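Peer 1: sequence first, predicted coordinates after that:
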Amino acid sequence: MEEIEKLSKGKVSNTNIYMSVQDRWLDKTDSAYMKIFTKEQWAAYLKTGAAKQQKARAKRRGDK
């Protein structure tokens, strides 16, 4: 939230910058979940929509 607030206070209007900050933190969250979840829990998490979100973030980054 601090990063978003700094961008907001700095009058940044480019939404791509906000998305990149959000994507970076969501990637870190997924990484933390992967460390603590069992394989079954991770698979269930991905089925809740997380896999689709990961693909969307990868697409925005330009990953293949």
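Peer 2: Ah, there it is. Numbers count the residues shown, from 1 in each chain.
Peer 1: find the nearest non-adjacent residue to the spatially most central residue of the chain, please.
Peer 2: Among the residues of the chain, the one closest to the centroid is residue 26, at 2.5 Å (C-alpha atoms, centre = their mean). Closest residue in space to residue 26, ignoring its immediate chain neighbours: residue 57 at 6.5 Å, by C-beta to C-beta, 6 or more residues apart in numbering. (Glycine included, C-beta is placed from N, CA and C.)
Peer 1: try residue 23
Peer 2: Residue 23 sits nearest to residue 57 (C-beta to C-beta, 6+ apart), 4.6 Å away.
Peer 1: can you check residue 3 too?
Peer 2: The nearest residue in space to residue 3 (C-beta to C-beta, 6+ apart) is residue 21, at 4.9 Å.
Peer 1: count of residues packed around that neighbour?
Peer 2: 17 (other C-beta atoms under 10 Å).
Peer 1: could you point out which element follows the longest helix along the chain?
Peer 2: Across the chain, the longest stretch assigned as helix under DSSP state H is helix 15-36. Tracing the chain past helix 15-36, the next element assigned as helix or strand by DSSP states H and E is helix 39-45.
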